[in-house]
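> have a look; sequence and predicted model below, questions after that.
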Amino acid sequence: MKMLFDYLKSHKKLILIFFLWVLIFALVLFLSNVPVDAALYAGLLCLIAGIATAAYDFYHFDRQCGELRRLLESIDAQVDHLPEPRNAIHEAYTEIIKELHRQKREVESRTYVEKKELMDYFTLWAHQIKTPLSAMSLILQSKGPWAGEEDREMAMELFHVEEYVNTAMSYIRIQDMTSDLAFETISLDDLIRKTVKKYASMFIRKKISMDFQETGYQMATDEKWLMMVLEQILSNALKYTAAGGTISIHMEGTDLLVQDTGIGIRAEDLPRIFEKGFTGENGRRHSQSTGQGLYLCQTIMNRLGHDIRVESKEGEGTTVVLDLEQEAL
């Protein structure tokens, strides 16, 4: 019914002209003293002819609209198969659509090339920057027991730089993460131990205690990517937990919980913490926050077939829950 109203609305001028012609025709017959029956018969014939013509035209109108609606769902693939234009105006619109589509393709192609060149350059930079970072790390390690407080400070800052580079590399690789997945059965406890060991110096430096309860959990996942998630979560917990605090890791059913006694997250910030680039109030207090960490975590967990959520109260700490249920995989 809506299609019929649309058709009548788009042809209202022709309908008005038709009725005007019928009125003129009837007036001429009346002034010519033609019998009323003959005038009505002629008018009826005109009406039937008009309705038949309109019905034929409406059939093509409805068919063309249907084709356009189907094309709307896959216009990129079928723009060359637009319905045949019925007049010069339709033909002009068709040409405009094709030209716009051609320009869109050119912009997409140019953008893709530029983006790829930028990603390739950034990937090369990230790999190259690791060489001097590794050299600096070896120099600091070579000092051994003769290392002073300044050396330890430098080692800690170097560790942070390496973390930022690794996060940047993760952001690059996550764009094509599917081709880099390798699922295997792993021990969750071994994975947690390796992650905690990586941040051992930060635990010691900030005098933060670790409460790790073994899970005994075996699961099928990609070890490298899941470890990346745990590293990011643990890094955040250490960053926002004051000296003397506690970070605990334990299992509840199929949920892995990482809890800290840090500054927590404001209630109004919680719904947006997984948004790309969102830092919230804590990010504004800590200038080193980029708003990329939890976004990367959620993206990775989704690709692995798992879920992640955060529970927190400002001033009372934060709990990150990783749903490792195997059915989700």
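Now that the structure is in, tell me what you want to look at.
> and the nearest residue to Q175 once chain neighbours are set aside, how far from A168?
Distances taken as CB to CB, 6 or more residues apart in numbering place M119 nearest to Q175, at 7.4 Å, with adjacent residues excluded. To be clear about C-beta, it is placed using only N, CA and C from the backbone, and glycine gets the same treatment. Going from M119 to A168 by CB to CB, to the nearest Å gives 11 Å.
> who has more neighbours out of these two?
A168 (17 against 14; other CB atoms under 10 Å).
> how close does the closest residue to the more buried one other than its chain neighbours sit to F212?
With CB to CB, 6+ apart as the criterion, A168 has its nearest non-adjacent residue at 5.7 Å, and that residue is A126. Counting by CB to CB, the separation of A126 from F212 is 31 Å.
> the two: who's more crowded?
Between A126 and F212, counting by other CB under 10 Å, A126 is the more crowded of the two (16 against 13).
> which of the helices or strands spans that one?
Assigned by DSSP states H and E, A126 falls within helix 88-142.
> check which element follows that helix along the chain.
Downstream of helix 88-142, the next assigned helix or strand under DSSP H and E is helix 149-173.
> contacts for that next one?
Residues from elsewhere that reach helix 149-173 (CB atoms under 8 Å, 6 or more residues apart in numbering): 119, 122-123, 126, 129-130, 133, 136-137, 140, 143, 147, 180, 201-202, 205, 228, 231-232, 235, 288, 290, 292-293, 296.
> ok now it, how far from the chain's centre?
Averaging C-alpha positions (CA atoms, centre = their mean, to the nearest Å) puts helix 149-173 27 Å from its chain's average.
> report the angle between that helix and helix 88-142.
Counting by axes from the mean of the first three to the mean of the last three CA atoms, to 10 degrees, helix 149-173 points 150 degrees away from the direction of helix 88-142.
> list the buried residues of helix 149-173.
Across helix 149-173, burial judged by 16 or more other CB atoms under 10 Å covers M154, A155, L158, E162, E163, V165, T167, A168, M169, S170, Y171.
> now tabulate those in JSON lines and tack on distance to S187 and pLDDT.
Output for the buried residues of helix 149-173, formatted as JSON lines (distance: CB to CB, whole Å; pLDDT from 0 to 100):
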{"residue": "M154", "distance to S187": "35", "pLDDT": "83"}
{"residue": "A155", "distance to S187": "30", "pLDDT": "81"}
{"residue": "L158", "distance to S187": "30", "pLDDT": "83"}
{"residue": "E162", "distance to S187": "26", "pLDDT": "82"}
{"residue": "E163", "distance to S187": "24", "pLDDT": "81"}
{"residue": "V165", "distance to S187": "28", "pLDDT": "82"}
{"residue": "T167", "distance to S187": "25", "pLDDT": "78"}
{"residue": "A168", "distance to S187": "29", "pLDDT": "78"}
{"residue": "M169", "distance to S187": "26", "pLDDT": "79"}
{"residue": "S170", "distance to S187": "23", "pLDDT": "77"}
{"residue": "Y171", "distance to S187": "28", "pLDDT": "76"}
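> and those, which two are furthest apart?
M154 and Y171 (26.0 Å; CB to CB).
> which residues of this structure fall in strands?
Secondary structure of the chain (DSSP state E): strands at 184-187, 209-212, 218-221, 246-252, 255-260, 307-313, 317-323.
> what's the closest of the ones you listed to H90?
Per CB to CB, nearest to H90 of the strands of the chain: strand 307-313, 50.3 Å.
> each with direction, which strands does the closest one pair with?
strand 317-323 (antiparallel) (DSSP bridges).
> distance from the chain centre to the partner strand, please.
The answer for strand 317-323 is 23 Å, by CA atoms, centre = their mean.
> contact partners of it?
229, 233, 236-237, 240-241, 254-262, 264-265, 301, 306-312.
> ditto for stretch 308-315
The contact list for stretch 308-315, computed with CB under 8 Å, 6+ apart, reads 229, 263-267, 270, 273-274, 294, 297-298, 301, 318-323.
> just the buried ones from the residues you listed, in ChimeraX syntax?
The buried subset of the contacts of stretch 308-315, as determined by 16+ other CB under 10 Å, is captured in ChimeraX by this line:
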select :229,263,264,265,270,273,274,294,297,298,301,318,319,320,321,322
